[in-house]
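1. Provided below for reference: sequence and predicted model.
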Amino acid sequence: MVGPTRFMNLYACFELGIVEALRKEPGLTAAGLGAAVGAKPDAVEQLLHLLVKEGFVALDEATGGYTLDTLGDVAESDLQRVLTFMGMMKTGMLRQLYYLTDSVSTGAVVGLKELYGFEGTMFQAAAEVEEVRDAWGPLAQSETASVYPWFFRSFDVPAGARVLDVQGGNGLGAIMTCQTKGSPGLRVTTFDRPAMEAECLRNFEAQGVAEQCSFAGGDAMESLPGGYDVMLLKHFVDMYDKDEVLTLFRNAHRALEPGGQIVVLAPVYPEDIRDADDYQADFFPAYILGCVVGRGGLQKVSTYRGWLEQSGFEVTSVRAKDPADIPPDAIINRVVICATKAG
Ligand SMILES: C[S@@+](CC[C@H](N)C(=O)[O-])C[C@H]1O[C@@H](n2cnc3c(N)ncnc32)[C@H](O)[C@@H]1O
């Protein structure tokens, strides 16, 4: 019950500049902090009760002075990553989730319609509505930066292969494929809605990969173009329900060359959903249904394995990040599943 109040109380201490003020001048009292951040000392004192309770901030009862306690131990880069996520939680999630029930009833993201008058997914809204882009964009960027280097280390692309980045958006995946998997004869195609072509080609040109990269427009639910050795399905299978994921896998199977490989990057639930150290169930159902697409959701690795096998693939590897590379604040747990088209 107290999740939202705890969240906003803490985040407000950052937004007001209370934490920053204590970093600069340890020992400030509520009166000093009030003057520093432009708020009534009584209100500052109220907010700080929770931070003292949690041991984030310490209060010297004798002087009334506050100092950073455990918050002072958090490295700046870690703190910035967490604050980016919290900013998205506030501006994106808290508001849209007011309509979660309606989103589930209707299968559409009602929050986007109520808040911005937009009908469609968060990805479509982000392309058109500045406020939506501002709410989610920084998170997308920090996630991309932390995921892509690991993702491209997690599978092999044979020399001279033809690669299709399915629903590849603005072409970043194709560009990174060229940069990290380069070999003589490598060709990479971004497949997306035809409307994405111009932006994609501009990005290929700007990154100097226009020779190796191309764009193909179409609807992945209808069919995928043939003649490819590797297909990348990253950051989107969790946006679909079972029948649609099966359609995507079958379309990929039909279009791949014999022996071709499908590479799926997706967040997954733990095999035991009760795993207390895993946060996927705390975050994703509400996020995907209430904020992003109004349908779909994560699955377990075993479920994806079964669906891939049903679609004619044999799973060859499942890779997760090395635990040593996962920061303590990480909520999202992704895997890379590689599977081969038999025969
Ligand atoms: C979540 S983004 C995909 C992210 C991208 N794969 C990545 O790794 O960052 C969704 C993209 O899928 C495209 N898309 C959605 N439905 C599609 C469909 N049925 N066929 C082709 N592209 C589609 C959208 O245009 C958008 O660029």
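-> Done, it's in.

2. ok, the spatially closest residue to Asp165 that is not a sequence neighbour - how many residues close by?
-> Computed as C-beta to C-beta, 6 or more residues apart in numbering, the closest residue to Asp165 that is not its neighbour in sequence is Gly173, at 4.2 Å. The way it works is simple: take the backbone N, C-alpha and C, and place the C-beta from them, glycine included. When neighbours are counted by other C-beta atoms under 10 Å, Gly173 registers 23.

3. Pull the contacting residues for Gly173.
-> 165, 190, 232, 234 (C-beta atoms under 8 Å, 6 or more residues apart in numbering).

4. out of those, who's nearest the ligand?
-> Lys234 (3.9 Å; C-beta to the nearest ligand atom).

5. neighbours around the residue nearest to the closest one when sequence neighbours are not counted, how many?
-> Computed as C-beta to C-beta, 6+ apart, the closest residue to Lys234 that is not its neighbour in sequence is Leu265, at 3.8 Å. As a burial measure, Leu265 scores 24 neighbours (other C-beta under 10 Å).

6. Pull out the buried positions in the one helix or strand Met176 maps to.
-> Using DSSP states H and E, Met176 sits in helix 172-181. Using 16 or more other C-beta atoms under 10 Å as the test for burial, helix 172-181 gives 172-178, 181.

7. And for stretch 137-150?
-> Buried residues in stretch 137-150 (16+ other C-beta under 10 Å): 138-139, 143, 146-148, 150.

8. Which residues does that stretch contact?
-> With contact meaning C-beta under 8 Å, 6+ apart, stretch 137-150 is reached by 81, 84-85, 87-88, 92, 126, 172, 176, 265, 321, 325, 332, 334.

9. try 6 Å this time
-> 84, 88, 176, 321 (C-beta atoms under 6 Å, 6 or more residues apart in numbering).

10. Report pLDDT for Gln46.
-> Gln46 carries a pLDDT value of 98.

11. Equivalent analysis for Thr190, please.
-> 98.

12. tell me which element the closest residue to it other than its chain neighbours falls in.
-> Spatial nearest neighbour of Thr190, chain neighbours left out: Gly168 (3.7 Å); criterion: C-beta to C-beta, 6+ apart. Using DSSP H and E, Gly168 sits in no helix or strand.

13. Does Gly168 touch Arg193 like I think?
-> No. At 10.6 Å, Gly168 does not count as touching Arg193 under the criterion of C-beta atoms under 6 Å.

14. Neighbour count for these two, which is higher?
-> Gly168 (28 against 13).

15. Show me what the longest strand anywhere in the chain pairs with in its sheet, parallel or antiparallel.
-> Longest strand in the chain by number of residues (criterion: DSSP state E): strand 256-269. As defined by DSSP bridges, the strand partners of strand 256-269 come to strand 228-234 (parallel), strand 299-300 (parallel), strand 334-341 (antiparallel).
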